[in-house]
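Participant: whatever this is, show me its structure:
(chains A and B)
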Amino acid sequence: MASILTVDDSASMRQMVSFTLKGAGHDVTEASDGKEALSFAKGKKFDLVLSDVNMPNMDGIELTKSLRTLPDFKYTPILMLTTEAGLNKKQDGKAAGATGWIVKPFNPEQLLTTIKKVLG
Amino acid sequence: MAIDMEQFKVTYIEESLEGLDIMESSLLGLDSGTADNETINTIFRAAHSIKGGGATFGLSSVSEFTHSVETLLDQIRNEERTITSEIVALLLTSVDVIRDLLAAEQHNENIDEERIEAVKKQFDALLESDTTSPGQTSSQEIKAESNQEQNAWLIDFRPHPDMLATGNDVVRMFRELTELGKCDINVDTNNIPALEDLNIEDCSLSWIVTLYSTCTKQQVEEVFVWVEDDCDLIISPLTQNESESSIENFEAIKSEKGKTKEIGPELVTKPIDRRNSGDRRTPTKNKTESSSIRVDIDKIDALINMVGELVITQSMLSQMGEDLNIDRLEKLKDGLGQLERNTRELQESVMRIRMIPISFAFNRFPRMIHDMCSNFGKKVELKVSGESTELDKTVMEKIGDPLVHLVRNSMDHGIELPETRAKLGKPETGTLSLNAFHQGGNIVIEISDDGAGLNKEKIRKKAIENGLIDESEELPDSKIYELLFQPGFSTAEKVTDVSGRGVGMDVVKKNIQALGGVVEVSTVAGQGTTFSIRLPLTLAILDGQLIRVGEQTYIVPLISIIESLQIEKNSINSVAGKADLYKLRDEYIPVIRLYEAFDIQPDSRSLENGLLVVVEGDGHKAGLFVDDLLAQQQVVIKSLETNYKKVEGLSGATILGDGRVALIVDVAGVIRVSQHGSNQNINSIHDNGVAA
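Facilitator: Predicted coordinates:
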């Protein structure tokens, strides 16, 4: 199945996302902030990146910008997990090169539905 | 796939509590005027995660409340609002509220709705002034198109050249559209530039899609929601009749531009389940109270290392055992020595897992002192040292309340008001120090203030009033200060909110003793007071003095032993029909004959043939009459209560090196039993079959 990088500074969120995705048979790599995620991305290709926006060290927007400069991540779907659906963060994310977003709170079923759409 | 969200809740609550601690300490940092963007961001992030997780894991009360907090913080972060001390105070209050909400969730308790409502109102009042509620912006879009005759959509989709760079694949969107209904997808290749001008990363194609579906416009829009700013999109409704003509329209466009071609095979309609299952909260049974422990990875690594060495030693020994001859005896001895070392180290590293830094207990004080300063109008600086000193988790949990009480006491009674201090020539800001350090197998925690010190006369007067001592009684200073810890003693002239709420220092002392610790006070009038708490490192292991009575070995906790001495005949005073008293320097202490207390055969019943172990428990001294003192060693405590039943006078048992069971003497218990002196009590020890 797909290889997915999930980035969130909240351990419970990571746990939930990772548990859900693994349950659906995906290969999941967890990172606790943008910096860590970027270091993983430099060593491995992923089919999909799910990233929180607000994180210490490197936030989701910066991560997206940096990922898009890597040849392997030029067209990789990057989804932002965000609660700020109505706010300008969404646009910042898009401007940085994010594919789309999943609005928090979401439940595992919603997460899987969205991911299925992206991965086909 | 049904996934139980309950399983993530424990992690969520744990990390949220940590987040609240971070919020709190950062807010306190702001208070002292060091506001910077990173601090605000840190606070915001913590609130943001708590809110997000709360909504995800079904703690709606938490997420709803935190939403207001987050909104306010967002305004501060975006410099729409300047942070004032009122805002800091409100945010600190909200930290408490969220903590309560989480605790209520954790322990399945009720929440104080009124208090939360009151704090919420404060937020609303603050936020109302200049913000618009975010809910309003999207309401327009949501207006559903309720055109019943409409049964198809014409979608004119013209991506901007750079749309693909966001990882959005046109195929995905078409796939989603086909899930809504049958689609006719036509590509418009008119805008493809000449080959030499072609940038392969750009999207130069456009599409016109006729979607035969009774779905709402919103559903169609949702498909394109991620790219709404990366494309020109026109979605127009078609009725049955129109849909035919729309094709004609399209044909017209086609012929006009002359270059479009049809793509896509016959697409099949699939029903789509759009039910939003939502987060339904499952009723929780058996809440797990924080029974987990976070362990530093280094400790685990050390443990694994140790087990590795143990395995090597074991295999070495077993190899030796296969052909053992006398020449190899020396090697065997080495091997056994190594095994002993391994075992000891293994024990130490296992014990270390339960150890957490005392900062866990100290962390609450900056906030507490901040609050108390504003309540009392005092100025106090908190100095903390040795916060990385480690303490057993159970001890840590139980030492929290006594510490709070002692700190409150220092804040309330110790440190003077700024004016008073100024008059005395002291700096207006008082100092309260918390210090923790190791001292010979114990942990010492000191709470010192540079306040007024204890008032000897006042304590004496109060003790006389309360009938604790006689008016004529002359007491040394140390004895007077010890009166503080007597039940029913309180010098506070008025009962304040902080200390003197009926829970006295006697409770503090009792709690500390329950942990096998002692508390002492030292003071210099006008210069301050220091309370020292001495605690065992862990509750599972005890430093014990092995004593022998007849054939039995008992263990007396080293912490309760004051001294051990050879009994001098001249110092014994026998009170007729009652217990013996032993004159130790200038005080008389009762002698407890352990063989009597435990009803066993001693070597000798005559006092001068044995030894006296002077112990103190619950503030009372006594001499334990024993036959012999054996070694001092650390013993692993096994509970009698869980394995047998509670026995007065004994606090547990342990297994000695030779496999025998030794009982651990509960000094306070033995003294209590012997003081009440009734045979019944002593019998109760006998009846319980104490002799091992």
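Participant: what about the helix or strand of chain A with the lowest mean pLDDT, near chain B?
Facilitator: In chain A, no helix or strand scores lower on mean pLDDT, DSSP states H and E than helix A:88-96, which sits at a mean of 78. Yes - contact of helix A:88-96 with chain B is found when judged by C-beta under 8 Å from any C-beta of the partner chain, involving A:91, A:94. (Glycine included, C-beta is placed from N, CA and C.)
Participant: with only the CA atoms kept, save stretch B:606-619 in CSV.
Facilitator: Coordinates of each C-alpha in stretch B:606-619 appear next as CSV, following Å, rounded to 0.1, in the frame of the first residue of the first chain:
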residue,chain,number,x,y,z
SER,B,606,17.5,-9.1,81.7
LEU,B,607,18.1,-5.7,80.3
GLU,B,608,21.8,-5.4,81.0
ASN,B,609,22.5,-8.4,78.8
GLY,B,610,21.1,-6.8,75.7
LEU,B,611,21.2,-3.8,73.5
LEU,B,612,18.9,-0.8,73.3
VAL,B,613,18.0,0.6,69.9
VAL,B,614,16.7,4.2,70.5
VAL,B,615,14.0,4.9,67.9
GLU,B,616,11.6,7.6,67.2
GLY,B,617,8.2,7.3,65.6
ASP,B,618,5.3,9.7,65.5
GLY,B,619,7.3,12.1,67.6
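Participant: quick check: residue B:650 vs residue B:196, distance?
Facilitator: To residue B:196, residue B:650 is 96 Å away according to C-beta to C-beta, to the nearest Å.
Participant: looking at these two, which is more packed in?
Facilitator: residue B:650 (23 against 5; other C-beta atoms under 10 Å in any protein chain shown).
Participant: what's the neighbour count on the closest residue in space to the more buried one that isn't next to it in sequence?
Facilitator: Take residue B:650 and drop its neighbours on the chain: the residue closest to it by C-beta to C-beta, 6 or more residues apart in numbering or on different chains is residue B:663, 5.1 Å away. Counted with other C-beta under 10 Å, the neighbours of residue B:663 add up to 21.
Participant: one more: residue B:225?
Facilitator: Applying other C-beta under 10 Å, we find 12 other residues in the vicinity of residue B:225.
Participant: which residues touch it?
Facilitator: Neighbour list for residue B:225: residue A:100 [criterion: C-beta atoms under 8 Å, 6 or more residues apart in numbering or on different chains].
Participant: measure stretch A:48-58 end to end?
Facilitator: Distance across stretch A:48-58, first residue to last, is 19 Å (C-alpha to C-alpha, to the nearest Å).
Participant: is chain B within reach of that stretch?
Facilitator: Yes - Stretch A:48-58 reaches chain B (C-beta under 8 Å from any C-beta) through A:54-56.
Participant: follow-up on the earlier one: surely the residue nearest to residue B:650 is in a helix?
Facilitator: No - per DSSP: H, G, I helix; E, B strand; the rest coil, residue B:663 lies outside any helix segment and is strand.
Participant: so what pairs up with it in the strands?
Facilitator: With DSSP bridges applied, residue B:663 shows beta-bridge pairing to residue B:554, residue B:653.
Participant: now residue B:548, nearest residue through space, not along the chain?
Facilitator: Nearest one to residue B:548, counting by C-beta to C-beta, 6+ apart, is residue B:628 at 4.2 Å.
Participant: hmm, residue B:604 and the one you found touching each other?
Facilitator: No - look at residue B:628 against residue B:604 with C-beta atoms under 8 Å: they stay out of range, at 10.4 Å.
Participant: between the two, which contacts overlap?
Facilitator: Common neighbours of residue B:628 and residue B:604 (C-beta under 8 Å, 6+ apart) are residue B:610.
Participant: run through the stretch 301-450 of chain B and note the low-pLDDT ranges.
Facilitator: B:440-441 (pLDDT under 70).
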